[in-house]
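Novice: Need a 3D model of the following:
(one chain, ligands or ions: 1)
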Amino acid sequence: MDLSKRKFKDDYKKMMTEVYSMDISEAEPTEQFFVLGNLVRTYSSKNWSHTNQVYVENKQKQTYYFSMEFLLGRMLKSNLLNLGILNTVRDGLYDLGIDLETIVQMEPDPGLGNGGLGRLAACFIDSMATSEIPGHGNGIRFKYGLFKQKFVNGYQVELPENWLQNGNVWETRKMHAAVTVRLYGKVWLEKTASGVLEPHYEGAQKVLAVPYDTAVIGYKNDVVNTLRLWSAEVPAQDESTDYWSFIHQRNQIESISEVLYPDDSNYEGRLLRLKQEYFFVSAGVQSIIRHYKKMRVPMLHLAEKVAIHINDTHPALSVPELMRILLDEEKMDWEHAWNVTVNVMSYTNHTIMSEALEKWPIDMISTLLPRIYQIICEIDRRFTMKMSTLFDPSIVERTRIIECGHVKMAHLAIIGSHSINGVAQLHTTILKEKVLHDFYLIYPSKFNNKTNGITQRRWLMLANEPLCNLINRKIGNDWETTPTELKMLKAFRDDEKTLIELAKIKHQNKERFAKHIQKTMGLVLNPDAIFDVQIKRLHAYKRQLLNLLHILSLYFQLKDHPEADLHPRVFIFGAKAAPSYTYAKQIIKLINSVADLINQDTTIKEKLKIVFVENYGVSLAEKIIPAADISEQISLASKEASGTSNMKLMLNGAITLATLDGANVEIRDRVGSNNIIIFGLREEEVYQYYHDGSYHSKSYYDRNPVLRRVLNALIDGTIPDAEAEGRSVFDSLVYYGDEYFVLRDFDAYSAAQKQIDQLYRDTLKWQRMALINIAGAGTFSSDYTVQQYASQIWDVFSRIRDI
Ligand SMILES: [N-]=[N+]=N[C@]1([C@H](N)O)O[C@H](CO)[C@@H](O)[C@H](O)[C@H]1O
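Specialist: All right, here's what the predicted structure looks like:
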């Protein structure tokens, strides 16, 4: 949008008066933030209504991204950037004596997600609006986001994250668009005069689903899509309701959108979670059908105008919910309803971890969702009947939805969708050849790959402006909207001046981060050290332990030879553990105890430092990633479906230290083996071990003295105040099978780290590698990812420019 600095300053002063009836000089940073937020809403409101108007007038097909999680991060700067007024506002505020960076910190960071899956959804809705794809988000307005993490004596403690306590400037409550979601009750089918079986309901609990809409502003294109988040409220009560049953009912109902379950890649079969999953799905599907009817197009053509995407299995109940509406309310026959549903729905699988695959007990689903359960049974019956005529009974048995008293949500999503995609090539191959092989035999054409992506707007243009400016100086700014243009940077691979400038910017970012750590943790970091970063949820398969054991081996090396020629290292960890994941919390304690041991040991001359940042999330990631030299992507091959921090760190010039897992493989393909450090077991070797059971971790403890010394340190008191945790980890690695081959990959990992120590000393060589990584990172823009979804899965095209 065209906005002069003068106009902005006038608007801002006027808004301050309108919102707070006071002068700017009297305002606190929180008030200054709210006023700016309201101004941004005003600036985007016209485009928001115009975008919706055009979609309806065009009878435009629209896609709805159903996700239990949207890890948005702070939105002020990204909204200003996408409106194209970031610099104008920054300069205007400066004239008014206000520092934009100060008020940016006033915005709560809505932790409406656990990790990669939630952040991917946030990157996707930003990219859909920017790519002019009519794509909207549908989720839950959790009152409490992911817990706030605090370290108390090195232990993770979870605190409530009340992100709404000061209100949310970006949302609009749409009471008129509320819908009713039914839970519990009795359902029976009765034959009508025309012989059709009709459901009759009795005694359902009614939940009022109230939508809160947030504008999703496209980058410099006047497109504004919508993120609709639902809040559960008590419907209006009739006079007869007595006070206490009302209070009881209210607590029950409002608890549905109260708090996000803090599990990443792990299924918790709680009733409240099932309620949450059905709540936002039913509210979402009902509001889509209501909106669709405005187009006055027959319901049989729904799939030509609506695409619903199921982000992992959490929204898989969308399949039976749409069937319920088409059968019970639109009176469609089963075959037509099923055909429409399959063409509307598409599903993304995000993990192969068995403990993450959702399977709900029949009694829970049938009690809470009696009609939905009836429909799931009918889908299962028709599937097994049809497939029994085509495939071996064992395949039908393994693929049916209802099995052993449980409803397998992945099976429901696959059978009920026209597309199933993995999130990286290796992951999709593993789905086809192993985890979902039976389904691949049945539906080969449904399977496709859509490698994840990230938005360069948040993860480079906002997080790392100095690097952004350098790139623009070298190759112009076409890459901002055509990210593959970053490849033009390769022309400077031998330009010493550019490589030195790159090194300077990385060093400045490291100094900036070091200042932040000194201020928040009182730790002094050496910006000349190698900043080695591992930022992701704490999970055994991500192998933060491998990183820690190697750090201990370096420590003992320096204890033995303080003068050893080791380039100083700062190991930066950021990781939350699910509160019920005891082993992960023990690893957190262990990392913090080793950090205390090493950070306070003056004999090693500051050559090693461990920084475990508290409460890692989107805002901290934006601070850490520009300062990273090494990107730790060391999961056991086959376990990490994709990873996305790997792409963010690559885009900011970090060198990836990786196993050939998830999207690391495609990063290697993109930059070449000389510009990445690969180590460790390959996926096929891991499966060979599973096949022949020949991995015996203790033998690695017995025959590797370096490893034995490091492991013994876990139990011999070397590490202060972490005996129980040390013992638990020691036993799991040495005696209980080392499920994720940490000991098996230790030597290869140590050798790779040694290689890095050598490489880093050659600044030009290192910066050339960094430049090649930045140049290759454009491919991993989520703009391309969503355009592939739109053209190959959702069949949604942007025609907004035609008008
Ligand atoms: N659930 N889940 N899956 C994940 C992440 N944990 O959120 O989804 C992410 C987004 O697809 C993946 O990058 C990551 O590998 C995968 O483990």
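Novice: CA only for contacts and neighbour counts going forward, please
Specialist: Will do.
Novice: Off-centre distance for stretch 650-666?
Specialist: 17 Å (Cα atoms, centre = their mean, to the nearest Å).
Novice: Then stretch 8-15?
Specialist: Taking mean C-alpha positions (Cα atoms, centre = their mean), stretch 8-15 and its chain are 36 Å apart.
Novice: So which bits of it are buried?
Specialist: 8, 9, 12, 13, 14, 15 (16 or more other Cα atoms under 10 Å).
Novice: My guess is the second one contacts residue 91. True?
Specialist: I take that to be residue 9. No. Applying Cα atoms under 8 Å, one finds residue 9 not in contact with residue 91, separated by 9.6 Å.
Novice: Is any residue of stretch 144-160 near the ligand?
Specialist: No. Stretch 144-160 lies apart from the ligand when judged by Cα under 6 Å from any ligand atom; the minimum separation is 13.4 Å.
Novice: CA-only coordinates of that stretch in CSV, if you can.
Specialist: The C-alpha trace of stretch 144-160 is given here as CSV (Å, rounded to 0.1, in the frame of the first residue of the first chain):
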residue,chain,number,x,y,z
TYR,A,144,-3.8,-21.1,26.8
GLY,A,145,-1.2,-21.9,24.2
LEU,A,146,1.7,-24.2,24.6
PHE,A,147,3.0,-24.0,28.2
LYS,A,148,5.7,-21.4,29.1
GLN,A,149,8.9,-23.4,29.9
LYS,A,150,10.9,-22.4,33.0
PHE,A,151,14.1,-24.1,34.2
VAL,A,152,14.2,-24.6,38.0
ASN,A,153,17.5,-26.1,39.1
GLY,A,154,17.8,-27.3,35.5
TYR,A,155,14.4,-29.0,35.5
GLN,A,156,11.7,-28.1,33.0
VAL,A,157,8.7,-26.6,34.8
GLU,A,158,5.5,-25.8,32.8
LEU,A,159,3.6,-22.5,33.4
PRO,A,160,0.3,-21.5,31.8
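Novice: Give the rounded mean pLDDT of that stretch.
Specialist: For stretch 144-160, the mean pLDDT works out to 98.
Novice: got the contact list for that stretch?
Specialist: 110-114, 161-164, 258-262, 576-577, 579, 585-586, 588-590, 592-593, 614-616 (Cα atoms under 8 Å, 6 or more residues apart in numbering).
Novice: helices or strands next to the helix or strand where residue 80 lies in the packing?
Specialist: Secondary structure assigned from DSSP states H and E places residue 80 in helix 76-83. Under the contact definition 3 or more Cα pairs under 8 Å, 6 or more residues apart in numbering; DSSP states H and E, helix 76-83 sits against helix 29-57, helix 86-95, strand 205-217.
Novice: switch to 10 Å and redo it
Specialist: Judged by 3 or more Cα pairs under 10 Å, 6 or more residues apart in numbering; DSSP states H and E, helix 76-83 is in contact with helix 29-57, helix 86-95, helix 100-104, helix 116-130, strand 205-217.
Novice: residue of the stretch 301-450 of the chain with the smallest distance to the ligand?
Specialist: residue 350 (4.3 Å; Cα to the nearest ligand atom).
Novice: and that residue, what helix or strand is that in?
Specialist: For residue 350, there is no host helix or strand (DSSP H and E).
Novice: Now for it: which residues touch it?
Specialist: 116-117, 265, 311-313, 356-357, 421-424, 427-428, 452, 640-643 (Cα atoms under 10 Å, 6 or more residues apart in numbering).
Novice: ok, now with 6 Å
Specialist: Listed by Cα atoms under 6 Å, 6 or more residues apart in numbering, the contact set of residue 350 reads residue 312.
Novice: so what's whatever residue of the stretch 651-800 of the chain ends up closest to the ligand closest to, chain neighbours aside?
Specialist: Residue of the stretch 651-800 of the chain nearest the ligand, by Cα to the nearest ligand atom: residue 662 (6.7 Å). Leaving aside its chain neighbours, residue 662 sits nearest to residue 642 (3.9 Å; criterion: Cα to Cα, 6 or more residues apart in numbering).
Novice: The one you found contacts residue 664, correct?
Specialist: No. Using Cα atoms under 6 Å as the test, residue 642 is too far from residue 664 to be in contact (7.5 Å).
Novice: overlap in contacts of the two?
Specialist: Shared contacts of residue 642 and residue 664 (Cα under 6 Å, 6+ apart): none.
Novice: how about the strands of the stretch 551-700 of the chain, start to end?
Specialist: 569-574, 608-613, 630-633, 655-658, 677-678 (DSSP state E, counting those that start in this stretch).
Novice: Just send the ones you listed back as a markdown table, with distance to the ligand, mean pLDDT and mean neighbour count too.
Specialist: Output for the strands of the stretch 551-700 of the chain, formatted as a markdown table (distance: least, Cα to the nearest ligand atom, whole Å; pLDDT from 0 to 100; neighbours: other Cα atoms under 10 Å):
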| stretch | distance to the ligand | mean pLDDT | mean neighbour count |
| --- | --- | --- | --- |
| strand 569-574 | 14 | 98 | 22 |
| strand 608-613 | 19 | 98 | 23 |
| strand 630-633 | 11 | 98 | 26 |
| strand 655-658 | 14 | 98 | 26 |
| strand 677-678 | 18 | 98 | 20 |
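Novice: out of those strands, which comes closest to residue 234?
Specialist: strand 569-574 (38.8 Å; Cα to Cα).
Novice: Quickly run through the sheet partners of that closest one, with directions.
Specialist: strand 530-535 (parallel), strand 608-613 (parallel) (DSSP bridges).
Novice: Show residues contacting it.
Specialist: 529-535, 608-613, 616.
Novice: coming back round to it: any chance of the strands of the stretch 551-700 of the chain in JSON lines, plus distance to residue 338?
Specialist: Listed next are the strands of the stretch 551-700 of the chain as JSON lines, based on distance: least, Cα to Cα, whole Å:
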{"stretch": "strand 569-574", "distance to residue 338": "45"}
{"stretch": "strand 608-613", "distance to residue 338": "49"}
{"stretch": "strand 630-633", "distance to residue 338": "42"}
{"stretch": "strand 655-658", "distance to residue 338": "44"}
{"stretch": "strand 677-678", "distance to residue 338": "46"}
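Novice: Figure out which of these is closest to residue 273.
Specialist: Here strand 569-574 is closest among the strands of the stretch 551-700 of the chain (Cα to Cα), at 26.6 Å.
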